[in-house]
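S.K.: Provided below for reference: sequence and predicted model.
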Amino acid sequence: MKEINVRTAVQSHRNHLPSVDETIGTQADLLSSQLQAMSEALFPPTSQKVLRRLTSGEAAKLIGVSDSTLRKMTLAGEGPQPQTTSNGRRLYTLADINAIRKILAQSTRGRESIDFVPYRRSGEHLQVLAVTNFKGGSGKTTTSAHLAQYLALQGYRVLAVDLDPQASLSALLGVLPEVDVGANQTLYAAIRYDSERRPLKEVIRPTYFDGLDLVPGNLELMEFEHTTPKALTSGGNGDTLFFARVAAALDEVEQDYDVVVIDCPPQLGFLTLSGLCASTSMIVTVHPQMLDISSMSQFLLMTRDLLGVVREAGGDLKFDFIRYLLTRFEPQDAPQTKVAALLRNLFDDHVLTNPMVKSAAVSDAGLTKQTLYEIGRENLTRTTYDRAMESLDAVNGEIESLIKQAWGRQ
C-alpha cells in the first residue's frame, strides 16, 4: 500500500511539473527580456547607434591625402566643414569624408579619381561575397560586419545581407531583430513564394555607416526552409527556382551597390544554398583546430554535392575567388600553428595570407554590440587596439585586393 502511495505521489508531482516547451518558453522569455533591458540600457529606444566622428588624421588616411590637404580645404571653405573641438582638433563624419572624396575625384581625371571614389565602373560586375561555414563560432558574423564596415570606410557602396535567422549581424549593425524587425521585413519578403513578396528595395534600410545599407534578419527567415520543400513538391516555384531567388532579388538593386556581403547561417539549408548561388565569391571562415577543420571538411563535401545538383538543375555557378580565412588565430598556440600550416600546404594560395588574430579588443567591443571600427582607440588599451586593428585591416585589405582583381583593376 505504501509503494502505491509513493507512486501516486510521484505521478502527481510529475503531472504538476511544467512541460518541456513551457520550461524552455519561460527561460526564453527571461533571457529575451534581460537582453532587451541590457540593449536599452546601452542604446535606449529613442536613440540610434551613431558612428563616432573621425579625427583629421584618420580621415586623411582613409581618403589617401595628407592632413595638411584637409586643413587647406577647411581654410578655403571647400567641402563640409569639420567639427572643431576646444583644443583645435578637427573631427569628420563618414558622410563628410565621402563628400570630400567626391570633391577630390572631380578635381582629378582618369585613374586617379578611382582612388578617391572607388565605385564600380562600366563593365565591373556587382561583387557578392558570401561569408560562410557549416560550424557556428567560426567568426562568420564578426568577419562579415568588419568587412562590410571596412569597405564602407574605403568609400564603396555596400549592402550587408543578414541571411542568418539568429540575426547577429543585424544586432551588430544597430538593428535589434526582436524589436526593430517586423513581419515581412527580412530578405524572406523578397524571396517568398506567395503574393506577399515585396521588392528588395522596400526591405533595405540605411545604417549609421554612410554608404552601408542592411537587409536585416530574424527568425522569419526560417520560413524559407519550410516553404521551399512545399514549393518543390507542389511544383509551385513561381517564376524562379529556389536556388536563384536571392540572386533575382539582388538583381533588382544591382545598380545601387558595389559590394554585397552576405552573412550565411551556420547550416547548409535552402537559405545558404540560395545565398551561395547568388555569390560571385566566397570566404570560408576557419578556426584552426582539428575539430573545426573536420567539420569544415564535411561542409565542403556537402557543398560540392549540393552545388553539383544545383548546376545540373540549371544553376549558373561562377566564383571569382574562394578563400579560407583563419579566424581567432593565436600565433603562440603550437597546435593552431600546425593546423594553419596543414591548411596552407593543402590549399596553398586559397588560404588568405593574413589571419584574423584572436584579440580581447574585438571581444570587448562585442560586449556592447560594437565593432572595432566604431569603438575608438581611446576606449581600449592602445597596444591591444592597434594590434587588433592591424590584423583586421590586413585581412580586409587583402579581400579588397581580390575584389579589385575580379574587376580587372591594378
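M.R.: Arrived safely. Residues are numbered from 1 along each chain as shown.

S.K.: State which helix of the protein is the longest.
M.R.: When the chain is parsed with DSSP state H, its longest helix is helix 382-407.

S.K.: ok, and for it, which residues are buried?
M.R.: Neighbour-count burial for helix 382-407 flags 385, 388-389, 391-393, 395-396, 399-400, 402-403, 406-407 (criterion: 16 or more other C-beta atoms under 10 Å). Any C-beta I mention is one placed from the backbone N, CA and C, and that applies to glycine too.

S.K.: I'd like the average pLDDT over that helix.
M.R.: Averaging pLDDT along helix 382-407 yields 93.

S.K.: For the remainder of this discussion, apply numbering that starts at 435.
M.R.: OK, 435 is where the count begins now, so the last one is helix 816-841.

S.K.: Counting by contacts, list what the strand or helix carrying Leu759 packs against.
M.R.: Leu759 is part of strand 755-760, with elements assigned from DSSP states H and E. Applying 3 or more C-beta pairs under 8 Å, 6 or more residues apart in numbering; DSSP states H and E, we find strand 755-760 packed against strand 715-720, helix 768-781, helix 816-841.

S.K.: buried set for that strand?
M.R.: In strand 755-760, counting by 16+ other C-beta under 10 Å, buried: Phe755, Arg757, Tyr758, Leu759, Leu760.

S.K.: I'd like these as a markdown table, with distance to Gln766 and pLDDT appended.
M.R.: Compiled in a markdown table, those are given as follows (distance: C-beta to C-beta, whole Å; pLDDT from 0 to 100):
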| residue | distance to Gln766 | pLDDT |
| --- | --- | --- |
| Phe755 | 30 | 93 |
| Arg757 | 24 | 93 |
| Tyr758 | 21 | 92 |
| Leu759 | 20 | 94 |
| Leu760 | 14 | 92 |
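
S.K.: Any chance of the helices and strands packed on strand 755-760 in CSV with distance to Asp644 as columns?
M.R.: Converted to CSV, the helices and strands packed on strand 755-760 look like this (distance: least, C-beta to C-beta, whole Å):
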stretch, distance to Asp644
strand 715-720, 24
helix 768-781, 36
helix 816-841, 18
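
S.K.: Nearest to Arg505 among the ones you listed would be which one?
M.R.: Taking C-beta to C-beta, helix 816-841 is the member of the helices and strands packed on strand 755-760 nearest to Arg505, at 24.5 Å.

S.K.: Report the angle between that closest one and strand 755-760.
M.R.: 170 degrees (axes from the mean of the first three to the mean of the last three C-alpha atoms, to 10 degrees).

S.K.: which secondary structure elements does helix 816-841 contact?
M.R.: Helix 816-841 makes packing contacts with strand 561-566, helix 574-587, strand 715-720, strand 755-760, helix 794-801, helix 806-809 when contacts are defined by 3+ C-beta pairs under 8 Å, 6+ apart.

S.K.: now what about the fifth one, what contacts it?
M.R.: When you say that, I think you mean helix 794-801. With C-beta atoms under 8 Å, 6 or more residues apart in numbering as the test, helix 794-801 has contacts from 576, 606, 805-806, 808-809, 814-815, 818-819, 821-823.
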